[in-house]
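1. Give me coordinates for this.
(chains A and B)
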Number of protein chains: 2
Amino acid sequence: MTHLPTLLDDHDLAGAMEWLETQPAYSIADELARMDAVSSVVSFRLLDKDRALEVFEELDPVDQQQILEGLRDQPFRDLVEGMDPDDRARMLGEVPAKVARRVLAGLSAHERQMTAALLGYPEGSVGRYMTPETVALQQNLTVAEALEVVRRRGARAETIYTLPVVDTGRRLTGIVELRELVLGDPNAQVSQLVETEPQRARATDPAEQAARLMRETNVLNLPVVDSEDRLVGLLTIDDAVEVIEAADTEDVARQSGAEPLERHYMSASVFQLSRARAMWLTLLLVAATLTVSVTQAFEGELETVTQLALFIPLLIGTGGNAGAQAATAAVRALAVGEVRTSDLLKVIWRECRTGLLLGLMLAVIGFAVGAAFVGLEIAAVVAVTLVVICAWAATVGGTMPLLAKKMRIDPAVVSAPMVTTLVDATGLIIYFSTAKLILGI
Amino acid sequence: MTHLPTLLDDHDLAGAMEWLETQPAYSIADELARMDAVSSVVSFRLLDKDRALEVFEELDPVDQQQILEGLRDQPFRDLVEGMDPDDRARMLGEVPAKVARRVLAGLSAHERQMTAALLGYPEGSVGRYMTPETVALQQNLTVAEALEVVRRRGARAETIYTLPVVDTGRRLTGIVELRELVLGDPNAQVSQLVETEPQRARATDPAEQAARLMRETNVLNLPVVDSEDRLVGLLTIDDAVEVIEAADTEDVARQSGAEPLERHYMSASVFQLSRARAMWLTLLLVAATLTVSVTQAFEGELETVTQLALFIPLLIGTGGNAGAQAATAAVRALAVGEVRTSDLLKVIWRECRTGLLLGLMLAVIGFAVGAAFVGLEIAAVVAVTLVVICAWAATVGGTMPLLAKKMRIDPAVVSAPMVTTLVDATGLIIYFSTAKLILGI
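-> Below is the predicted model of the structure:
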């Protein structure tokens, strides 16, 4: 099937409309996110009203803004009025003030109130992701009565599968699954089916933490409460999955020493791609001048035995690899909750032994390479250096993310390149010192 | 609160039992996964029957096996009979044949049949993760009749929130959400509420692909069909989230040049940690001997201008970083579906320009560093090399994952260390060639 961009390039509007009618919403959103501003707005205008909303909700805030700016008043109002309050609040948090004002002005009083409440929560908090429209039950109902409440008030709610149970002060006392009500005896009391003391999140908690809790406990919807334990909303699993995926993407980018992109890889400009990578690349280059100083300090030894230079890339490369492996393992283990900061000493001890074991194994190969290229003496230097560098690199790599977390810095900032650069400089000191010792220079 | 391991170390069984009674199942599973074999079995035996099942289902297959091996026949049978068929099938796929036989022998005929069916699907496929127990509806029912079917047959199903609609040949014709039935008019026809042509997965499809589709389309449960489009089960969102998290963990490990760990980071032995990292570290070391050859080829130049050695770590380090950034971005964009293999040429062109832009920026700093440590001539060599290396590294890093995917290799295998090692050797050639040209040696 011909792709949308090709159809637009050929000015085949009929073909484009047919394509838009037959593709699922998420595929259309995908295509729009890959296009430049003008084409994406043109394509979006070709969608009918219901479909437009569906596609719009699949887009990231930056792309949503682009589309909004290209719409006339009526379709603009229809679109924002139709969005879920939490999606709208998230979008408003990221668009410029001018667009935000236009959005709020176009809303009905009810929807504006809903959105304003969510906007009161800090960015990245559960409050920004939760749905405020829930069906809460009182405990003293029968199952049949509760189902009647769901029928009467459920149409507006984003989900009716998890029903929070509250007391007269709207404080959360439990939850009941719609499943229990549907399968239960209509004359039974709801109180018999309620799960008391359910897991919950505060609206001001970080969304990632709440999402990981949902993943661990396998719940569909997590009740969200305020500081006095009053129900304010539900975090639904689809929003939680989105939060986890965004957090993982961010961690992955940080791990490679880059800031996460604000938008789709294919629609980000070369300038935006460069900006995400420039800061760390620059800092790491500045840090790498340390390796120049270290090498300069051993310039005399290098002039005496130029052959030592042959193994510099191999040795610091291996050290960097061993460090990066350990750092990545530690960052991920922290992210999914397998390791806690209190495990610091255990992690140091584990990584030190792991590095030593790996180093001993690599030393055998390193010795062979050294002997083949130069001679036995330098081969011995290479082998000993490999053992020490690997143990050192794994220990540093495994420890730094935990230390970062202890200091309340995102552990993913301890990127593989950062560990590599650090290990480069110290690795050179290890190498030249070993050489001095063994070669007696 | 005192932690479980401390209580066990102090032989405080009463305290341990109290701890086990008050903690949520996922926290207990977390603790068990961090313990050695003996302590985890002892703790597990202290749990009452219902809770034991809950905790057991939260564990990874390796830990499940450890527990099973420590149980006597009756609790063993109770445990495996109580598991969901998909969880049981996944566990059976990973435990040794002896344990698997004991599991199957203990099952009732119904449960054994259910599990055997799932085991017929390849490892990592949707079939292994789906739940086979669904409530399927016929299209010609009223809403009230459909709800009656759900009430009668729903107790056994893992979920009743998504109800597949099938024709008389059990072929999937649509789905209807329980929400629609509960909120709908009892006398309406189900056919009016059905979503026809819903997204679906084949039971033999890779589970990761189906899970990512669920994430993109925001569905709670995805119908699973066989090759003739007959309904065989549902993939539920909690299993999909687990699949995505496992795939991300695997990608992250691969990206750092390590194989994913089979078990919890804290309970893996030093030997297991080493084994996960040894293969790539060894291959990369062998590949790095290329850098030794390259440097040896330019040994004459190095003897003439020893100061060239000062900048080797800085230059190859920066090249490695730029390559790793591009590779990581490309692997992640492929994983979440932002980039397709057909984008290859576009990605090459984007990364080449991004690398060039970054290289030009870094060249300014590199020139200053070179001038400060040695002199203007070598500073010029460093600056020019940085521009070329960055453009080259970003292009190689961004392209290799796409090429890997084209060749049906997991793109995450194109790890940051692999790109770094490749760029190390080529970077040295670029460096020394530039030096010969500018310095005229």
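2. Check which helix or strand the nearest residue to A:Val270 once chain neighbours are set aside maps to.
-> If the residues on either side of it in the chain are set aside, A:Val270 comes closest to B:Arg353, at 4.7 Å by Cβ to Cβ, 6 or more residues apart in numbering or on different chains. To be clear about C-beta, it is placed using only N, CA and C from the backbone, and glycine gets the same treatment. In this structure, B:Arg353 sits in helix B:344-373 according to DSSP states H and E.
3. which parts of that helix are buried?
-> Within helix B:344-373, the residues scored as buried using 16 or more other Cβ atoms under 10 Å in any protein chain shown are B:344, B:347-348, B:350-359, B:361-363, B:365-367, B:369-371, B:373.
4. Same question for stretch A:396-410.
-> If you call a residue buried by 16+ other Cβ under 10 Å, then stretch A:396-410 has these buried ones: A:Val396, A:Gly397, A:Gly398, A:Thr399, A:Met400, A:Pro401, A:Leu402, A:Ala404, A:Lys405.
5. any idea of the pLDDT on the residue nearest to A:Val270?
-> Here, the pLDDT recorded for B:Arg353 equals 95.
6. Helix, strand, or coil at A:Gln199?
-> coil (DSSP: H, G, I helix; E, B strand; the rest coil).
7. So it versus chain B, what's the distance?
-> Between A:Gln199 and chain B the distance is 7 Å, computed by Cβ to the nearest Cβ, to the nearest Å.
8. these two touch, right, that residue and B:Pro24?
-> Yes - under the criterion of Cβ atoms under 8 Å, A:Gln199 lies in contact with B:Pro24, with a separation of 7.1 Å.
9. what sits in contact with each of those two?
-> For the pair A:Gln199 and B:Pro24, residues contacting each of them under the criterion Cβ atoms under 8 Å, 6 or more residues apart in numbering or on different chains are A:Thr217.
10. re earlier: by contact count, what packs against the helix holding B:Arg353?
-> For helix B:344-373, the packing partners by 3 or more Cβ pairs under 8 Å, 6 or more residues apart in numbering or on different chains; DSSP states H and E come out as helix A:270-297, helix B:312-335, helix B:376-406.
11. one step back: can you redo the buried residues of stretch A:396-410 as a markdown table with pLDDT and distance to chain B?
-> Conversion of the buried residues of stretch A:396-410 to a markdown table gives the following (pLDDT from 0 to 100; distance: Cβ to the nearest Cβ, whole Å):
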| residue | pLDDT | distance to chain B |
| --- | --- | --- |
| A:Val396 | 94 | 14 |
| A:Gly397 | 93 | 9 |
| A:Gly398 | 93 | 10 |
| A:Thr399 | 93 | 14 |
| A:Met400 | 93 | 14 |
| A:Pro401 | 93 | 12 |
| A:Leu402 | 93 | 12 |
| A:Ala404 | 91 | 17 |
| A:Lys405 | 91 | 14 |
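12. what's the closest of those residues to B:Ala247?
-> A:Pro401 (21.5 Å; Cβ to Cβ).
13. Which residues does stretch A:378-385 contact?
-> Applying Cβ under 8 Å, 6+ apart, the external contacts of stretch A:378-385 come out as A:305, A:307-308, A:311, A:314-315, A:363-364, A:366-371, A:427, A:430-431, A:434-435, A:438-439.
14. In contact with A:Trp423: list those residues for me.
-> You called it Trp, but residue A:423 is Val. With contacts defined as Cβ under 8 Å, 6+ apart, A:Val423 is in contact with A:Ile316, A:Gly319, A:Gly320, A:Ala322, A:Gly323, A:Ile389, A:Trp392, A:Ala393, A:Val396, A:Gly397.
15. The same query, at a cut-off of 6 Å, please.
-> The contact partners of A:Val423, taken as Cβ atoms under 6 Å, 6 or more residues apart in numbering or on different chains, are A:Gly319, A:Gly320, A:Gly323, A:Ala393.
16. mind exporting the host helix or strand of it as CSV, just the C-alpha atoms?
-> A:Val423 is part of helix A:416-439, with elements assigned from DSSP H and E. What follows is helix A:416-439, C-alpha atoms only, in CSV (Å, rounded to 0.1, in the frame of the first residue of the first chain):
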residue,chain,number,x,y,z
ALA,A,416,28.6,4.4,30.2
PRO,A,417,30.7,7.2,28.6
MET,A,418,31.2,8.9,31.9
VAL,A,419,32.5,5.7,33.5
THR,A,420,34.6,5.0,30.4
THR,A,421,36.2,8.5,30.6
LEU,A,422,36.9,8.1,34.3
VAL,A,423,38.4,4.7,33.8
ASP,A,424,40.5,5.9,30.8
ALA,A,425,42.5,8.3,33.0
THR,A,426,43.0,6.0,35.9
GLY,A,427,43.6,3.1,33.6
LEU,A,428,46.6,4.9,32.0
ILE,A,429,48.0,5.5,35.5
ILE,A,430,47.7,1.8,36.2
TYR,A,431,49.3,0.9,32.9
PHE,A,432,52.3,3.2,33.1
SER,A,433,52.9,2.4,36.8
THR,A,434,52.8,-1.3,36.0
ALA,A,435,55.2,-0.8,33.1
LYS,A,436,57.7,1.1,35.3
LEU,A,437,57.6,-1.6,37.9
ILE,A,438,58.0,-4.5,35.5
LEU,A,439,60.3,-3.0,32.9
